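Enquirer: The following comprises the amino acid sequence and a computationally predicted model.
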Amino acid sequence: MKRLLSIELQKIWKNKASKVLSITYFVILSFIALIASIKFDIGPVHIDAAETGIFNFPYIWHFNTYIAAILKFFLAVVIVSMMANEYSYGTLKQNLIDGMSKMEFIQSKFLTVLVFAGVSTAFVFVMTLILGYSFSSYNEFSIVFSDLEYLLAYFIKLVGFFSFCLFLGILVKRSAFALGFLLVWFVAENIMHGIMYRFIFNNDDEMASKIFSAFPLESMSGLIVEPFSRLSFIKTIGNQIGVEGMKDYGVHFSSILIVLAWTVIFMLMSYKILQKRDL
Amino acid sequence: METILTITNLNKIYNKQVHAVKNLSLEIHKGNVYGILGPNGSGKSTTLGIVLNVVNKTSGEYSWFGGTTQTHDALKRVGAIIERPNFYPYMTAKENLELVCKIKGINYSKVAEKLEIVGLTERMDSKFSTFSLGMKQRLAIASALLNDPEILILDEPTNGLDPQGIHQIRDIIRLIASQGTTILLASHLLDEVEKVCTHVLVLRKGEMLYSGTVDGMTNKKGFFELKSGNLETLKSALENHQDIEKIVEANGDGRLLVYLKNNLEAEDLNSYLFQNNIVLQHLVKRKHSLEEQFLELTNNH
């Protein structure tokens, strides 16, 4: 396992573009802390981001993992290109000839996905602790370390998403097209939702949404729902204009299972493609 | 003799239409240098691709080293370069070879030694993308030699190289062959194969036309070039000789090409003709080159 990982990390780390993108990702990730310095005035109302409660434990786990997940596209580019490059350089062929099995090849890529997701999760964990201890109104141990399931959801979300990217890289063989395909897929999922809602379930949103939430990208984005409407001051505004805050913000075991299932499916399909294709 | 590779009844059909390899069977033995000959599209690269785990076979079997190991583990004991050199352009020569070491599960100690053999020591810290085609091909050979392979497979190693490049590759192949490494060389350059190889396999349209030693293929019969004052008497005298298969007039310069059924020495033919009162102006016994034999073989089938 160490051998497979070191092979893959050498491939990525020696590539200047991948290296720059990875470093940029972590630098931008740490800029989440800058949200604390957002202060602005709307007429007489003074808004200070750090004082709105977004850095309060345990809410900050939710908020930070949600924001950090948006940045995953940086690493997605690295992962898609690390796969597509193997095709365009002809090195996939050479790796196999040199004695790597097709299974080992997929394993080394998937291990890299786990490492990227793991490092990113650890980074978010440390950053959130620092931010939280600096700005949170509550510092009791039991409160600080509650709601940690958001961190688990974050990790699963990244692993699922990167696995999808890896699969697309293998399927499409060109990084630009694979990323384009990702966008097309996202649009297609939403169109499917619309079709199901309008034509199959006769405007019954409950059924349509249930099925929609099992689609790959939707299931990943559903792991951590948006945290903004959960903020107390926004809730207050919502209540005043008559919107009931009945939303469920938790991380569901079922959503984690669905994303894990997709991850397994993507990896198995990647392996099947690799096995069937003549190089 | 120890068998390195056995192929039995191998078939490959691309897209259910193109029958690239037809029921091919062969054995590669340790210590021999094999040349695989065949026109473009004869199934050479496909066959090599199958045994190297990058092309899926349609049916048939192959086994490395007597079938005791799995293909990918067996390939760690094989060195192979196919068609064009495939490396990571952003890594240096040394880094690329170190990556191959990791894949093969060996330590880095051989990297410098193999770079020395192919004459790339000075450029080992240059990026692969800055290399000329000849250098890339030499790096590929170094990479194939890293594990001191039991068999070296080279598919068109001199394709696209300039004369100097071809010369360098030829010298390297000779050196490796002289050290007793088994080599499988697919090439269009027939004089190349004739000089280096001990055995030849001739393929055409996915079928094996000939398999055996180089000598067996080139030495088969031989032929004479003859010239005399009176061609007609020469011709009729030759037609009566029992060892002669056919007589062909060469293009316009009055020479006759005489093909043989059985072996016949120049001496004997000369005295036979002299007894028939024919004096020759020109008498040469020639053997077919591998190239002529190859062309004859592939055209007749």
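Expert: Received the coordinates, thanks. Just so it is clear, the model here is predicted, and its values are computed rather than measured.
Enquirer: Tell me which residue is most central in the chain.
Expert: If you meant another chain, say so; for now it's chain A. Within chain A, one residue has its C-alpha closest to the average C-alpha position: by CA atoms, centre = their mean, that is residue A:158, at 3.7 Å.
Enquirer: sorry, should have said chain B
Expert: Geometric middle of chain B (CA atoms, centre = their mean) lands on residue B:35, at 2.4 Å.
Enquirer: next one: phi and psi at that one?
Expert: Its backbone dihedrals place residue B:35 at phi -110, psi 130, with angles given as degrees, to the nearest 10.
Enquirer: how near is it to residue A:80?
Expert: Distance of residue B:35 to residue A:80, computed by CB to CB, to the nearest Å: 42 Å. C-betas here are computed from N, CA, C, even on glycine.
Enquirer: Also residue A:125?
Expert: Shown here: residue A:125 relative to residue A:80, a distance of 26 Å by CB to CB.
Enquirer: neighbour count winner among these two?
Expert: When residue A:125 is set against residue A:80 and neighbours are counted by other CB atoms under 10 Å in any protein chain shown, the residue ahead is residue A:80, at 27 against 17.
Enquirer: Can you give me the pLDDT of the more buried one?
Expert: For residue A:80, the model assigns a pLDDT of 93.
Enquirer: May I see the buried residues of the helix or strand that contains it?
Expert: Assigned by DSSP states H and E, residue A:80 falls within helix A:72-88. Judged by neighbour count using 16 or more other CB atoms under 10 Å in any protein chain shown, the buried positions of helix A:72-88 are A:72, A:74-87.
Enquirer: CA-only coordinates of that helix in PDB, if you can.
Expert: The C-alpha atoms that make up helix A:72-88 are tabulated as PDB, following Å, rounded to 0.1, in the frame of the first residue of the first chain:
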ATOM      1  CA  LYS A  72     -13.300  20.800  -3.700                       C
ATOM      2  CA  PHE A  73     -13.200  21.700  -7.400                       C
ATOM      3  CA  PHE A  74      -9.600  22.700  -7.100                       C
ATOM      4  CA  LEU A  75      -8.600  19.100  -6.100                       C
ATOM      5  CA  ALA A  76     -11.200  17.700  -8.600                       C
ATOM      6  CA  VAL A  77      -9.100  19.200 -11.400                       C
ATOM      7  CA  VAL A  78      -6.000  17.700 -10.000                       C
ATOM      8  CA  ILE A  79      -7.600  14.300  -9.800                       C
ATOM      9  CA  VAL A  80      -9.200  14.300 -13.200                       C
ATOM     10  CA  SER A  81      -6.000  15.400 -14.800                       C
ATOM     11  CA  MET A  82      -3.900  12.800 -12.900                       C
ATOM     12  CA  MET A  83      -6.100  10.200 -14.500                       C
ATOM     13  CA  ALA A  84      -6.500  11.700 -18.000                       C
ATOM     14  CA  ASN A  85      -2.700  12.400 -18.200                       C
ATOM     15  CA  GLU A  86      -2.000   8.700 -17.900                       C
ATOM     16  CA  TYR A  87      -3.900   8.200 -21.100                       C
ATOM     17  CA  SER A  88      -2.500  11.100 -23.000                       C
END
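Enquirer: what packs against that helix?
Expert: For helix A:72-88, the contact count by 3 or more CB pairs under 8 Å, 6 or more residues apart in numbering or on different chains; DSSP states H and E identifies helix A:2-13, helix A:16-30, helix A:91-97, helix A:102-135, helix A:149-172, helix A:175-195 as packing neighbours.
Enquirer: Can you say which of these is nearest to chain B?
Expert: Of all the helices and strands packed on helix A:72-88, the one in closest proximity to chain B, counting by CB to the nearest CB, is helix A:91-97 (4.0 Å).
Enquirer: which other residues reach that closest one?
Expert: A:85-86, A:102, A:105, A:279, B:52-54, B:72, B:75, B:80, B:82, B:86-88, B:103 (CB atoms under 8 Å, 6 or more residues apart in numbering or on different chains).
Enquirer: Over to stretch A:125-132?
Expert: Counting by CB under 8 Å, 6+ apart, residues outside stretch A:125-132 touching it are A:29-30, A:32-33, A:36, A:55-57, A:60-61, A:64-65, A:144, A:151.
Enquirer: just these now: which is nearest residue A:201?
Expert: residue A:65 (32.0 Å; CB to CB).
Enquirer: Could you tell me how many residues sit around the closest one?
Expert: Here the count is done by other CB under 10 Å, and residue A:65 has 27 residues near it.
Enquirer: Against residue A:147, how distant is it?
Expert: Separation of residue A:65 from residue A:147 (CB to CB): 10 Å.
Enquirer: mind pulling up the phi and psi values for the nearest residue to residue B:154 once chain neighbours are set aside?
Expert: Sequence neighbours aside, residue B:185 is the residue nearest to residue B:154 in space, at 4.9 Å (criterion: CB to CB, 6 or more residues apart in numbering or on different chains). Phi and psi for residue B:185, reported as degrees, to the nearest 10, are phi -120, psi 110.
Enquirer: Following the chain onward from the helix or strand of chain A with the lowest mean pLDDT, which element is next?
Expert: Per-element confidence for chain A was summarised using mean pLDDT, DSSP states H and E. The lowest value among helices and strands belongs to helix A:232-240, with a mean of 68. Next along the chain after helix A:232-240, taking DSSP H and E as the criterion, comes helix A:253-276.
Enquirer: and which of the contacts of helix A:91-97 is nearest to residue B:283?
Expert: Checking the contacts of helix A:91-97 against residue B:283 with CB to CB, the nearest one is residue B:82 at 46.6 Å.
Enquirer: correct me, but that closest one touches residue B:48?
Expert: Yes: here residue B:82 lies in contact with residue B:48, judged by CB atoms under 8 Å, at a distance of 6.1 Å.
Enquirer: what touches both of these two?
Expert: Contact criterion CB under 8 Å, 6+ apart; residues shared by residue B:82 and residue B:48: B:153, B:155.
Enquirer: Can you name the residues that contact the residue nearest to residue B:154?
Expert: Contacts for residue B:185 (CB under 8 Å, 6+ apart) come out as B:33, B:34, B:35, B:36, B:154, B:157, B:173, B:192, B:193, B:196, B:197.
Enquirer: How about residue A:210?
Expert: With contacts defined as CB under 8 Å, 6+ apart, residue A:210 has no neighbours.
Enquirer: Secondary structure element holding it?
Expert: With elements delineated by DSSP H and E, residue A:210 resides in helix A:205-212, which encompasses its position.
Enquirer: and the next element down the chain from that helix?
Expert: Per DSSP H and E, the first helix or strand lying C-terminal to helix A:205-212 is helix A:216-223.
Enquirer: picking up where we left off before, looking at the contacts of residue B:185, which has the smallest pLDDT value?
Expert: If you rank the contacts of residue B:185 by pLDDT, residue B:192 sits at the bottom with 77.
Enquirer: so is that residue in a helix, a strand, or just coil?
Expert: State at residue B:192, reduced to three classes by DSSP: H, G, I helix; E, B strand; the rest coil: helix.
Enquirer: looking at it, it is touching residue B:156, isn't it?
Expert: No: between residue B:192 and residue B:156 no contact is recorded; they are 10.7 Å apart, counting by CB under 8 Å.
Enquirer: ok, now how distant is residue B:184 from chain A?
Expert: With the distance defined as CB to the nearest CB, to the nearest Å, residue B:184 ends up 13 Å from chain A.
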